[in-house]
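Asker: just coords:
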């Protein structure tokens, strides 16, 4: 039985991670898994917007991946959920885009978000708070991981 690709929202930092010495190997392996069809990649217009000022190599890589991602809209419900995260104090208004990434991923029915943002997204306390707000607002919990956690040990038998 063929397994369906997991719907994954990728936050902006993962594209930049491809060219960061610390995050390059895991980011590249993650994108290789996308190319192999293990994940169905979703991004939002917010990711596109945040990548506009990125270095040319990051934007070029993003463009190379175009056939592997789906761009999802940002519906009014995402802004409402973003405001609920801000109201709960998960992140400050200064980090409202981070909250919007989580909201879009949640509203879009993604199973997980992948990010290198350890301060405002991939943080053990924040993850439980995002999911508590999701539950209070009638949405499913969402898993939040770094690419390193998602790729696991690709040499390991499953």
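Answerer: Done, it's in. None of the values given here were measured: they were computed from a predicted structure.

Asker: spatially central residue for the protein, please.
Answerer: residue 10 (3.0 Å; C-alpha atoms, centre = their mean).

Asker: for it, which non-adjacent residue is spatially closest?
Answerer: residue 114 (5.2 Å; C-beta to C-beta, 6 or more residues apart in numbering). Bear in mind the C-beta positions are built from the backbone N, C-alpha and C, glycine included.

Asker: residues in contact with that neighbour?
Answerer: Shown in contact with residue 114 (C-beta atoms under 8 Å, 6 or more residues apart in numbering): 8-11, 14, 30, 145-147, 150.

Asker: now with 6 Å, please.
Answerer: Going by C-beta atoms under 6 Å, 6 or more residues apart in numbering, residue 114 touches 8, 10, 14, 145, 147, 150.

Asker: kindly report the same for residue 28.
Answerer: Contacts of residue 28 by C-beta under 6 Å, 6+ apart are residue 18.

Asker: three-state assignment of it?
Answerer: Here residue 28 is recorded as helix under DSSP: H, G, I helix; E, B strand; the rest coil.

Asker: offset the numbering so it begins at 602, please.
Answerer: Taking 602 as the first residue, the last one we looked at is residue 629.

Asker: what pLDDT is listed against it?
Answerer: pLDDT for residue 629: 97.

Asker: please report phi then psi for residue 616.
Answerer: phi -70, psi -40 (degrees, to the nearest 10).

Asker: number of residues surrounding it?
Answerer: 22 (other C-beta atoms under 10 Å).

Asker: just the pLDDT for the residue nearest to residue 611.
Answerer: 98.

Asker: look up the residues forming beta bridges with it.
Answerer: In this entry, residue 715 is beta-bridged to residue 611, residue 746, by DSSP bridges.
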